[in-house]
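[1] coordinates only, sequence not included:
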C-alpha cells in the first residue's frame, strides 16, 4: 500500500486521515501548530481560555448529519440553543431562534482532538517544501530544512495561499488556489469580573467595526467571569491588519460598548489575535483537487464553503479520491 502524508491538521486534514484509517496502512498528518484544529483551535488570554474562531456549526448535508449524529453519540458534540440576534447601534433588530446549531463539548477544539486521536499526528512540523522524486513520490522538508520523510501521496489541507505556495509547479492545483481570496479577521477576547447586562448569547453586528460578538461559556477558569469574543468586520480588519495589538484591542472594546449600548467596564483579562486567512470569499466550488499524474491533492473549506461542514465534506472527498487513485495504480 502507498504511504500518504497530509499537511495540516484542521478539520479537512483530520477528516481525510480518519476516513483512510484501516484502508491505508501508512497515513501521517503534519501540523505546524502545537495543537490540531486550525480555526477551531483554542487560545488563552491571561488565565482564560477562548475559542475565538468558530463558536458553533450548522448542518445541511445528509452525510454531515450522519457524522454529527455519531459525534453526539460519542459525547463530544451537543446542540446549542443560544439566543442569537442582530444588533444595529445598540438595538436588537432581529432574532434567530429557528436555526439548529451545534457546539463541541466542552469546547469546539474537542472535535479536532477526538479526530486526532485516531490519526498519527506530528505537531510543530511546518512543512515548507515538497520535492518530487525521480521514481515518484514526494520528499517533505520543514521550514528549517529538516527532512521529514518520503511519501507516495501528498495532500495539502491548509488555507488556499499555503496550498498555492507548496505546490506551485502543479498548476492544476496552484492556479485554482491562487484565485481564492481570504478575509482578514481581528478577534478580541475579553473577560469581565461581573456579568454584563446582555440578555442574548451572540449577535451579528451591523454598521460597526464588529461583525460578530459571542459569550464564551466553556472557559476553564475557576471563577464565573463573563467572557466575550469579538470578531471585527473583514473591511475593518483589512484596514487595521498592520496595526499594533494594543491599538486594536482598545478599538474593538470601544466598538463592543457602542454595539451593546453598555457603559464601559474594565476587563480582568484581554487579548487579540489576527486571523490573516480567516474565511474564503470565493470558494472554487469543487469538493477537493487531485492531480493523478503527480499524486498530490488539496482540500479545505476554500474548496466548498467557509463552514465546518465544508471542511469536513472536503476531507471526505479527498479520502475518496485517494482510494480511487490507489485502486487504479496499486491494486
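    Perfect, I can see it now. All values derive from a computational prediction rather than experimental measurement.
[2] Report the central residue of the chain.
    Residue closest to the mean C-alpha point of the chain, counted by C-alpha atoms, centre = their mean, is residue 39 at 2.6 Å.
[3] right, and it touches residue 53 too?
    Yes. Under the criterion of C-beta atoms under 8 Å, residue 39 makes contact with residue 53 at 3.9 Å. C-betas here are computed from N, CA, C, even on glycine.
[4] so the residue nearest to the centre of the chain sits in a helix?
    Yes. According to DSSP: H, G, I helix; E, B strand; the rest coil, the state of residue 39 is that of a helix.
[5] Tell me who's in contact with it.
    10, 53-54, 275, 278 (C-beta atoms under 8 Å, 6 or more residues apart in numbering).
[6] If we only consider the residues you listed, which is nearest to residue 142?
    residue 10 (18.1 Å; C-beta to C-beta).
[7] Could you report the pLDDT at the closest one?
    What the model reports as pLDDT for residue 10 is 96.
[8] roughly how far apart are it and residue 261?
    Using C-beta to C-beta, to the nearest Å, we find residue 10 at a distance of 37 Å from residue 261.
[9] Which one of these two is surrounded by more residues?
    More neighbours surround residue 10 than the other of residue 10 and residue 261, with 26 against 13 (other C-beta atoms under 10 Å).
[10] contacting residues for that one?
    Here residue 10 is in contact with 36-40, 112, 157-158, 300, 311 (C-beta under 8 Å, 6+ apart).
[11] Next, give phi and psi for it.
    Phi and psi for residue 10, reported as degrees, to the nearest 10, are phi -80, psi -170.
[12] likewise residue 172?
    The phi and psi torsions at residue 172 (degrees, to the nearest 10) take the values phi -60, psi -30.
[13] Please apply the same query to residue 138.
    Dihedral angles of residue 138 (phi, psi; degrees, to the nearest 10) stand at phi -130, psi 140.
[14] Near it, how many other residues are there?
    With other C-beta under 10 Å as criterion, residue 138 counts 20.
[15] go on, residue 94?
    Residues near residue 94, counting by other C-beta under 10 Å: 12.
[16] quick one: which of the contacts of residue 39 has the most company?
    residue 10 (26 neighbours).
[17] helices or strands next to the lengthiest helix in the chain in the packing?
    Longest helix in the chain, counting residues (DSSP state H): helix 308-329. For helix 308-329, the packing partners by 3 or more C-beta pairs under 8 Å, 6 or more residues apart in numbering; DSSP states H and E come out as helix 11-20, helix 62-74, strand 153-156, strand 289-291, strand 296-298.
[18] in the lowest-mean-pLDDT helix or strand in the chain, what's buried?
    Here the helix or strand of the chain ranked lowest by mean pLDDT, DSSP states H and E is strand 43-45, holding a mean of 80. By 16 or more other C-beta atoms under 10 Å, the buried positions in strand 43-45 come out as 43, 45.
[19] What average pLDDT does the very next helix or strand once past that strand get?
    The first helix or strand that comes after strand 43-45 along the chain, using DSSP states H and E, is strand 48-50. Strand 48-50 carries an average pLDDT of 84.
[20] same question, stretch 124-136
    Stretch 124-136 comes out at a mean pLDDT of 94.
[21] Show me the contact partners of that stretch.
    7, 30-34, 138-143, 145, 148, 150, 152, 154, 166-167, 169, 294-296.
[22] Whichever of these end up buried, select them in ChimeraX.
    A single ChimeraX command selects the buried members of the contacts of stretch 124-136 (16+ other C-beta under 10 Å):
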select :7,30,31,32,138,139,140,141,142,148,150,152,154,166,167,294,295,296
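[23] Just the element for residue 60, please.
    Following DSSP H and E, one finds residue 60 outside all helices and strands.
[24] Could you list which residues are in contact with it?
    By C-beta under 8 Å, 6+ apart, residue 60 lies in contact with residue 309.
[25] try residue 326
    Going by C-beta under 8 Å, 6+ apart, the list of residues near residue 326 reads 1-2, 24.
[26] Which positions in stretch 106-117 come out as buried?
    Neighbour-count burial for stretch 106-117, counted by 16+ other C-beta under 10 Å, picks out 107-116.
[27] between the longest helix of the chain and helix 11-20, what angle do the directions make?
    40 degrees (axes from the mean of the first three to the mean of the last three C-alpha atoms, to 10 degrees).
[28] going forward can the numbers begin at 500, since that is how I track them
    Let's use 500 as the start, then, which means that last one is helix 807-828.
[29] to the chain's geometric centre, what's the distance from helix 807-828?
    19 Å (C-alpha atoms, centre = their mean, to the nearest Å).
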